[in-house]
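J.: Mind folding the following:
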Amino acid sequence: MPVLTRRQIHLGLASAVASATLPHIGCAADKPGLKLGLVVPLSGPSARFGGFASHGAELAVKQINAAGGVNGAPITLTRGDSQGTPVESVSAARRMLADTGYQAILGDIASSATIALQPVMEDAKVILLNAASSNPDITYKAGAGGYKWSFRSYPTDELRAKVVVQYGAEKRGFTRYSALSVDSDYGRGAIAFSKKYLPDYKSELVSEDYYKDDETDFRPVLSRIRSLNVQAILMYGLPDATRLIGRQMQEIGLAGKVFLMGSAEFTYPDTIKMAPRVFEGAIEAQAWAPDVANPRSQQFVADYKTDYGKEVPNVHSYTHWEAVHLLAAAAKAAKGPGNEDLRDALAGINYDGATGTIRFDAHHQAELPMFIYQVVNGKGAEQGAFTAKVQYPNG
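T.: Take a look at the predicted model:
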């Protein structure tokens, strides 16, 4: 899951600390409409992520209802606090499902929480649309993998890793890599997926190292990497560590000789200024960014800033905003009012999103691009959208 920078953190999350149902806007309150739930962390260490998601979803509901709702009826959105844990995520969803009429629940942020929700939503026969978790297991087990009610409209860690090594080979001519990533499921998983696809591009991983959250001295491993004649370091991790690594790469003479690739905030201004020569040319894959050159995306950013005090939306703001619009489009296309009708419409949808056409594969994974950003002349610059297909286990 992407790490937020200080400039992205909420100016205030007062509206996101408790469950609440948004009021109907522009439609009669007694008419049935699309009934949605949102299960995300609204308290605890990950509350800022849930706050961004909540704001994005709220904005979409407001816009759709102001335009007449879905089939002339309003959307309602009820929030539930998962606190970022599987147990609380399931509890929040069960509280919602005790009230009849829900057609879909968006959740969760943490992959472990989303995985815990999958069997609950399957039993309830209510759509689970995930717009934030990146663990590929969610998709492996969805659609053709078993859970017919689970969908994901967010790229996976596997897709990100494949796009990065594909870009490195095809656009930069890299074939020899070292890995230096955070010692977590995310960091290790990203490198495991990189190793899965490196042979497809006649590339190899020469060394593999992981760092702890509180590690500060990277000189020994960087010195060893310097001796291996690699072209790039694959790094998936934490921004504070990235900045330390950048400074220490500069100290030992790796600037301009070994490039950084992956996802660890290489392209953010606060990172670049720590070691400009090191981060020049660094490559990062992102699901979305506020400067994506698409008119619909730019309008979303403007509307979001208007509603939330000039706050810059992050990726979760965008993906949850888009997920609500996606469900509304499916509801309009559905053959009937039932949950199965909505599920079938979502499975077959071709939706014109702000990052491209959204359609779901047999595992109910949206086929989405990753945006490559590269540091060029001291600034992160979009290099375009890149798509790839992952190899599912057992075909």
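J.: Check what pLDDT the residue nearest in space to the middle of the chain gets.
T.: What sits nearest the mean C-alpha location of the chain, by Cα atoms, centre = their mean, is A132, with 4.4 Å. A132 carries a pLDDT score of 95 in this model.
J.: again, but for V221
T.: Reading off the model, V221 has pLDDT 98.
J.: quick thing: my sequence starts at 819, can you match it?
T.: Done: numbering now begins at 819, and the last item shifts to V1039.
J.: Now do the SS call for it.
T.: helix (DSSP: H, G, I helix; E, B strand; the rest coil).
J.: Next one: it from R970, what distance?
T.: For V1039, the distance to R970 equals 34 Å [Cβ to Cβ, to the nearest Å]. Every residue, glycine included, has its C-beta placed from N, CA and C.
J.: again with Y1169
T.: Separation of Y1169 from R970 (Cβ to Cβ): 14 Å.
J.: So between those two, which is more surrounded?
T.: R970 (27 against 20; other Cβ atoms under 10 Å).
J.: List the contacts of the residue nearest to the more buried one when sequence neighbours are not counted.
T.: Spatial nearest neighbour of R970, chain neighbours left out: N948 (4.4 Å); criterion: Cβ to Cβ, 6 or more residues apart in numbering. For N948, the contacting residues are 924-926, 932, 956, 968-972, by Cβ atoms under 8 Å, 6 or more residues apart in numbering.
J.: nearest to A1165, of the residues you listed?
T.: F969 (7.7 Å; Cβ to Cβ).
J.: If I look at the closest residue to the closest one other than its chain neighbours, what pLDDT would I see?
T.: Leaving aside its chain neighbours, F969 sits nearest to H1182 (4.3 Å; criterion: Cβ to Cβ, 6+ apart). Residue-level confidence at H1182 comes out at 98, pLDDT.
J.: okay, now H1182: neighbour count?
T.: 27.
J.: Please name the residues that touch it.
T.: If a contact means Cβ under 8 Å, 6+ apart, then H1182 has 957, 960-961, 965, 968-970, 1165 as its contacts.
J.: what ranges do the strands span in this protein?
T.: For the chain, strands defined by DSSP state E occupy the ranges 852-858, 893-899, 922-925, 945-948, 968-970, 994-1000, 1022-1029, 1050-1054, 1077-1081, 1101-1104, 1169-1171, 1174-1176, 1188-1194, 1197-1204.
J.: need the contact list for A1059.
T.: Shown in contact with A1059 (Cβ under 8 Å, 6+ apart): 1000, 1029, 1031, 1033, 1036, 1082.
J.: circling back to that earlier point, from the contacts of N948, pick the one nearest Y1210.
T.: I956 (12.4 Å).
J.: wait, doesn't that closest one sit right on Q936?
T.: Yes - if you go by Cβ atoms under 8 Å, I956 and Q936 touch, sitting 7.2 Å apart.
J.: so what's in contact with the two at the same time?
T.: Here I956 and Q936 have S968 as joint contacts, going by Cβ under 8 Å, 6+ apart.
J.: Please, where are all the helices along the protein?
T.: 865-884, 904-915, 929-942, 955-958, 975-990, 1003-1015, 1037-1044, 1057-1069, 1087-1090, 1094-1097, 1113-1125, 1133-1151, 1157-1165 (DSSP state H).
J.: Could I get the buried residue list for stretch 1194-1204?
T.: 1198, 1200, 1203-1204 (16 or more other Cβ atoms under 10 Å).
J.: In a markdown table: the contacts of H1182, plus distance to F1189.
T.: Shown next, in a markdown table, are the contacts of H1182 (distance: Cβ to Cβ, whole Å):
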| residue | distance to F1189 |
| --- | --- |
| T957 | 20 |
| A960 | 24 |
| G961 | 25 |
| Y965 | 28 |
| S968 | 25 |
| F969 | 22 |
| R970 | 18 |
| A1165 | 26 |
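J.: These: which two are farthest apart?
T.: Across the contacts of H1182 (Cβ to Cβ), the longest gap, 13.7 Å, separates T957 and A1165.
J.: Looking at those two, which one has more neighbours?
T.: The neighbour count for T957 versus A1165, taken as other Cβ under 10 Å, is higher for T957 (28 against 17).
J.: Nearest residue to that one in space, please, no chain neighbours.
T.: Q1183 (4.2 Å).
J.: Please apply the same query to A934.
T.: P904 (3.6 Å).
J.: Narrow the contacts of A1059 to just the buried residues.
T.: Counted by 16+ other Cβ under 10 Å, the contacts of A1059 give 1000, 1029, 1036, 1082 as buried.
J.: Provide a list of residues in contact with the last one.
T.: Taking Cβ under 8 Å, 6+ apart as the contact definition, A1082 lies against 821, 1053-1057, 1059-1060, 1102.
J.: tell me which strands and helices the helix-or-strand element of the chain with minimal mean pLDDT is in contact with?
T.: Ranked by mean pLDDT, DSSP states H and E, the weakest helix or strand in the chain is strand 1174-1176, scoring a mean of 90. When contacts are defined as 3 or more Cβ pairs under 8 Å, 6 or more residues apart in numbering; DSSP states H and E, strand 1174-1176 sits against strand 1169-1171.
J.: mind checking how far the strand it packs on is from the chain centre?
T.: Distance, stretch centre to chain centre, for strand 1169-1171: 17 Å (Cα atoms, centre = their mean, to the nearest Å).
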